[in-house]
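> Everything below, folded, please.
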Amino acid sequence: MENHKPLSGSDAKIEEYTRRYDAGEISVLEDMPRSMREVVLTKIKNPSSLLEIIPIQDREFAAQCADIGEEGIEIFTEMNIPKIYTDPEMNEWAQTRYKKMIEAVRNYSKRNKLRSDENTRLRAVKEQLGTNPAQEELTATTPIDSIDLPNKEEVYTVTGEIEGVHYNKSHGQDAFSVNRNENITCVTVCDGISSRAGSGELSSRLAKQISADALTKTLSEIVDPESLRDILEDIKSVAGKLEGGAGSTLVSVRIDKNEKTIEWTSIGDSPLFVIDTDENGEVVSWEILTEDNSITNENYTDIQTLETLKDPATHCVGIKNDTVNIPKTDRIKTGLIPYTPGRKIVVASDFITKVMLHSPEVTKARSEYWKHATNDDEGNPYSDKKKEMMHKVWNDVAERNEQNFKDLWTINPATNELMFNPLSMAGKSPEELRTLLDEWMRENSVTTDDVTIMTIDLDKYFRD
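Have a look, this model is predicted:
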């Protein structure tokens, strides 16, 4: 019986949370107990990912099994045998949930394969017609807004004091804007929440407005809750009713040459990297400022550190029907970045975080974690078969990425081992980037993601 849950005395609360979540109030998930959250996520009508109906502790395993194909799905089935309850209604609930989990993994696998095949066919047709899908190069010496770019399937590159890549695929949810005058330069990246149909339009208009306002205001003034609410109200009045609602993250950097300041702001999981390089331009160290806990090149292989990465659905601005949603004040981050020679800044959508999470050193750490794993978050012991499977899966990912995508990694001068290179997309041609991105997405089963990565060379602004 689908409506029955093994949570005595909490049915009414679960129904309330589910209704509020379906109405667009994503933040309700934050304050509820983990066990209750799991039940709510099995009930939501429109999960942003098929894998959301699977308990959090099993999603990583489910995604890896789905990527392997039918063989992996069989392994997932074996590893997730439903619990048997003496209560008939509880037992029926467990069996129904189990079937939904297996179907989610199978559908996820089919969806990724279909989209991958579709992209392959599209490239083949363009090659037959003699068209080059990756030929757009933009200059950052004038204002640029992704909302004005004509073709979302193209790879666009940005050159000049700012180097970047923008590859808005089938989602069309990523957006960026570069605006400037003699003294001020502002670079903004917004990443729309893919489960809400109007997110692409919101992220495009939001990025453009933030960068435009930054020519006359500081970022801390712009993202003041009341000011941010006015911006969203203006977008709503222009865009009209955004069917399906809309949500977007935000990360922005404002450079003031006169004041010699570098200000940043962030809402959500779109990262801002501060990178220090040596006299040869090689990466020495980097730090992600936008996470609640500092993530650096020294601690990013720690699995517990990576588990703190924010959930974008609960850290964003949004519009739902006639209501605009502003995050809590403590989720609107602002700060200043000191300039030192050789320093660069990368503002990006979360695609770059996914590349980092699939880097050889991280996936090797995950493989080693599973080799010695004991219990899940609920205290249930892992079977030896599951630990062996996950150890092998992540080790295989590490080997493939290390061998096939050498440009994405660099040598850590402190350890002489590989580390993730957040500058790896800068300086490449559109053709090189399209090949690199398509091959990486296909190899890592990230077939529908959008890519926006903007690199700012601070030496070009401040070095005498």
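> Going by C-alpha atoms from here, please, whenever you check contacts or count neighbours.
Noted.
> Only alpha carbons, please: show stretch 99-113 as CSV.
The C-alpha trace of stretch 99-113 is given here as CSV (Å, rounded to 0.1, in the frame of the first residue of the first chain):
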residue,chain,number,x,y,z
LYS,A,99,10.1,-1.9,-7.6
LYS,A,100,10.1,1.9,-7.9
MET,A,101,13.8,2.0,-7.0
ILE,A,102,14.7,-0.7,-9.6
GLU,A,103,12.6,1.1,-12.3
ALA,A,104,14.3,4.4,-11.5
VAL,A,105,17.7,2.9,-12.1
ARG,A,106,16.6,1.3,-15.3
ASN,A,107,14.9,4.5,-16.6
TYR,A,108,18.0,6.5,-15.7
SER,A,109,20.2,4.2,-17.7
LYS,A,110,17.8,4.3,-20.7
ARG,A,111,17.6,8.1,-20.6
ASN,A,112,21.3,8.6,-20.5
LYS,A,113,21.8,6.1,-23.4
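> Enumerate the positions of it that are buried.
For stretch 99-113, the buried set under the neighbour-count rule, 16 or more other CA atoms under 10 Å, comprises 101-102, 104-106, 108-110, 112-113.
> What of stretch 175-188?
175-180, 184-188.
> Could you export stretch 58-78 as PDB, keeping only the C-alpha atoms?
C-alpha atoms of stretch 58-78 as PDB (Å, rounded to 0.1, in the frame of the first residue of the first chain):
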ATOM      1  CA  ASP A  58      22.200   4.400  -2.200                       C
ATOM      2  CA  ARG A  59      22.100   7.000  -5.000                       C
ATOM      3  CA  GLU A  60      25.800   6.900  -5.700                       C
ATOM      4  CA  PHE A  61      25.700   3.100  -6.000                       C
ATOM      5  CA  ALA A  62      22.600   3.300  -8.100                       C
ATOM      6  CA  ALA A  63      24.000   5.800 -10.600                       C
ATOM      7  CA  GLN A  64      27.200   3.700 -11.100                       C
ATOM      8  CA  CYS A  65      25.100   0.600 -11.600                       C
ATOM      9  CA  ALA A  66      22.900   2.400 -14.100                       C
ATOM     10  CA  ASP A  67      26.000   3.600 -16.000                       C
ATOM     11  CA  ILE A  68      27.200   0.000 -16.400                       C
ATOM     12  CA  GLY A  69      23.900  -1.000 -18.000                       C
ATOM     13  CA  GLU A  70      21.800  -4.100 -17.500                       C
ATOM     14  CA  GLU A  71      24.600  -6.000 -15.700                       C
ATOM     15  CA  GLY A  72      24.900  -3.100 -13.200                       C
ATOM     16  CA  ILE A  73      21.100  -3.000 -12.700                       C
ATOM     17  CA  GLU A  74      21.200  -6.700 -11.900                       C
ATOM     18  CA  ILE A  75      23.900  -6.100  -9.300                       C
ATOM     19  CA  PHE A  76      21.900  -3.200  -7.800                       C
ATOM     20  CA  THR A  77      18.800  -5.500  -7.700                       C
ATOM     21  CA  GLU A  78      20.800  -8.100  -5.800                       C
END
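> For it, the averaged confidence score.
For stretch 58-78, mean pLDDT is 76.
> wait, which of the buried residues of stretch 99-113 is closest to Gly164?
Distance to Gly164, by CA to CA, is smallest for Asn112 among the buried residues of stretch 99-113, at 26.7 Å.
> Quick check, pLDDT for the closest one.
65.
> and the buried residues of stretch 99-113, which two are the farthest apart?
Taking CA to CA as the measure, these reach their widest spread between Met101 and Lys113, a distance of 18.7 Å.
> Next, format the buried residues of stretch 99-113 as JSON lines and append distance to Ile352.
Putting the buried residues of stretch 99-113 into JSON lines (distance: CA to CA, whole Å) gives the following:
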{"residue": "Met101", "distance to Ile352": "29"}
{"residue": "Ile102", "distance to Ile352": "29"}
{"residue": "Ala104", "distance to Ile352": "26"}
{"residue": "Val105", "distance to Ile352": "25"}
{"residue": "Arg106", "distance to Ile352": "27"}
{"residue": "Tyr108", "distance to Ile352": "22"}
{"residue": "Ser109", "distance to Ile352": "23"}
{"residue": "Lys110", "distance to Ile352": "25"}
{"residue": "Asn112", "distance to Ile352": "19"}
{"residue": "Lys113", "distance to Ile352": "22"}
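> ok so, going back, next step: the buried residues of stretch 175-188 restricted to strands.
Among these, the members falling in strands (DSSP state E) are 175-180, 184-188.
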